[in-house]
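[1] Got a predicted structure here, sequence first:
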Amino acid sequence: MQIKFVKYPRFIAMGEVQLEKRFQDYLDGENKIEPKDWMPDAYRKTLIRQISQHAHSEVVGMLPEANWISRAPSLRRKVALLAKVQDEAGHGLYLYSAAETLGIDRSELVDDLLSGKAKYSSIFNYPTVSWADMGAIGWLVDGAAIANQVMLCRTSYGPYARAMVRICKEESFHQRQGYEIMLSLANGTAEQKQMAQDALNRWWWPSLMMFGPTDDLSPNSAQSMKWKIKRKSNDELRQEFIDKTVPQAEFLGLTVPDKDLKWNEEKQGYDYGEIDWEEFYNVVKGNGPCNKQRLADRVKAHEAGAWVREAANAYAAKEAKRKADKGQAA
Ligand code: FAQ
């Protein structure tokens, strides 16, 4: 179906109900919504919420790993980790830009993060206590991020879908560098193998929580699926991640810390144990092991960057004036 939306809705003499129906038909025809197309307010709000939470996650997600750049065990590891952390900053920037196309200002989004009003992924509120955690984050956290984000390359909002294509390519490099760290440790000394096992024990369950609450307790899922913002449900993606990751743990010779994990021939997937949802909601509410430290670090970094923002604004004002003067002279 190829009905392109008329830009600037104020000129459309259609009722809201008709517009929403046409909008849904348009989505059902697998068309992308672009920034100036008409969209229901709730669609816009949902996207601003999800894209900005995603952007905040990328930026806060730099902190647990940045902590290890100076302690990476070799120059090669240091260079790879540095590149990975820089990539996360880039992802944050693409995503803030995608959110801005919906008519919100980036400074407003950043203020919400720094004041603690906005959410970001629960996973980044756990501490990184050993080098093996860099392996576990790359393997599991980026692995979960990929599982979740590949479907977002087909999300219905054009700028978000396009940003996700590049992000997913970079995340797959991150996942491989993490798995390679785990492989080296798992094939190293007994002590190194134990470090890898310990990291898997600590990151496994929080990684499963990244996909969000179970489908029956996910307030946003049904509408987001209808609008094709989300293409698969939280539980479907969690299951896909588990099915893909368990054989990788076996290859490493490590044990997934779930006594209820069992292959289910009938569903062609693993059954798994109960996730500690109390822990999840506690972390999301700000009471995880590192929430306060993460926000304090972001506030400090934001304040330290004030001079850069001032300089960029002064330069933009100077450029605008130069262009205006040139226009007058012509
Ligand atoms: N943590 O109704 P649902 C990465 C919130 S990026 C915190 O299921 P929805 C890269 C949710 O926002 C990782 N909050 O919500 C990297 C909602 O709150 P609200 C981030 C969570 O939106 C790797 C409420 O619970 N990825 O890892 C979490 O339909 C390594 C109810 O939940 C994305 O953001 C959670 N885990 O589905 C960087 C991907 N789960 O706003 C550095 C895009 C749920 O109603 C190093 N986002 N909540 O008050 C999404 O796909 C979705 O937003 C979900 C949640 C799947 C996260």
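    Ah, there it is. None of these values were measured; they are calculated from a predicted model.
[2] Count the neighbours of residue 225 for me.
    Using other CB atoms under 10 Å, residue 225 is surrounded by 15 other residues. All C-beta atoms are positioned from the backbone trio N, CA, C, and that covers glycine.
[3] In the host helix or strand of it, which residues are buried?
    In this assignment (DSSP states H and E), residue 225 forms part of helix 221-226. Going by neighbour count (16 or more other CB atoms under 10 Å), the buried part of helix 221-226 is 221, 224.
[4] Can you give me every residue that contacts the closest residue to the ligand within the chain?
    Closest residue of the chain to the ligand, CB to the nearest ligand atom: residue 61 (2.6 Å). By CB atoms under 8 Å, 6 or more residues apart in numbering, the contact list for residue 61 reads 88, 120, 121, 123, 124, 141.
[5] so does the helix holding residue 225 get close to the ligand?
    Yes - with CB under 6 Å from any ligand atom as the criterion, the ligand is reached by helix 221-226 at 221, 224.
[6] Show me what the next helix or strand after that helix is in contact with.
    Elements were assigned by DSSP H and E; along the chain past helix 221-226, the next helix or strand is helix 234-252. For helix 234-252, contacts defined as CB under 8 Å, 6+ apart pick out 139-140, 143-144, 147-148, 151, 179, 182-183, 186, 196, 200, 207-208, 211-215, 218, 221, 232, 255-256, 261, 269-270, 272.
[7] Show me which residues of the chain are close to the ligand?
    49-50, 53-54, 57-58, 61, 88, 119, 121-122, 137, 141-142, 145, 148, 209-213, 218-221, 224, 230, 234, 284.
[8] Drop anything exposed from those.
    The buried subset of the residues of the chain next to the ligand (16+ other CB under 10 Å) comprises 50, 53-54, 57-58, 61, 88, 119, 121-122, 137, 141-142, 145, 148, 209-213, 218, 221, 224, 230, 234, 284.
[9] Among these, which lie within strands?
    Using DSSP state E, the subset of these located in strands is empty.
[10] For the chain, which segments count as helices?
    For the chain, the helices defined by DSSP state H cover 16-28, 41-60, 62-66, 75-100, 106-114, 132-136, 142-150, 158-186, 190-209, 221-226, 234-252, 277-282, 291-304, 306-329.
[11] mind putting the ones you listed in TSV, mean pLDDT included?
    Converted to TSV, the helices of the chain look like this (pLDDT from 0 to 100):
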stretch	mean pLDDT
helix 16-28	93
helix 41-60	98
helix 62-66	96
helix 75-100	97
helix 106-114	97
helix 132-136	98
helix 142-150	95
helix 158-186	96
helix 190-209	98
helix 221-226	96
helix 234-252	98
helix 277-282	98
helix 291-304	97
helix 306-329	94
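[12] Of the ones you listed, which is nearest residue 34?
    Residue 34 lies closest to helix 158-186 among these, at 4.8 Å (CB to CB).
[13] relative orientation of the closest one and helix 41-60 in degrees?
    Going by axes from the mean of the first three to the mean of the last three CA atoms, to 10 degrees, helix 158-186 is angled at 30 degrees with respect to helix 41-60.
[14] If you count contacts, what does helix 158-186 end up packed against?
    If you count contacts as 3 or more CB pairs under 8 Å, 6 or more residues apart in numbering; DSSP states H and E, helix 158-186 packs onto helix 75-100, helix 132-136, helix 142-150, helix 190-209, helix 234-252.
[15] most neighbours per residue, which of those helices?
    Comparing these by mean neighbour count (mean count of other CB atoms under 10 Å), helix 132-136 ranks first with a mean of 27.
[16] contacting residues around that helix?
    64-65, 68, 72, 77, 81, 128, 178-182, 184-185, 192, 195-196, 198-200, 202-203.
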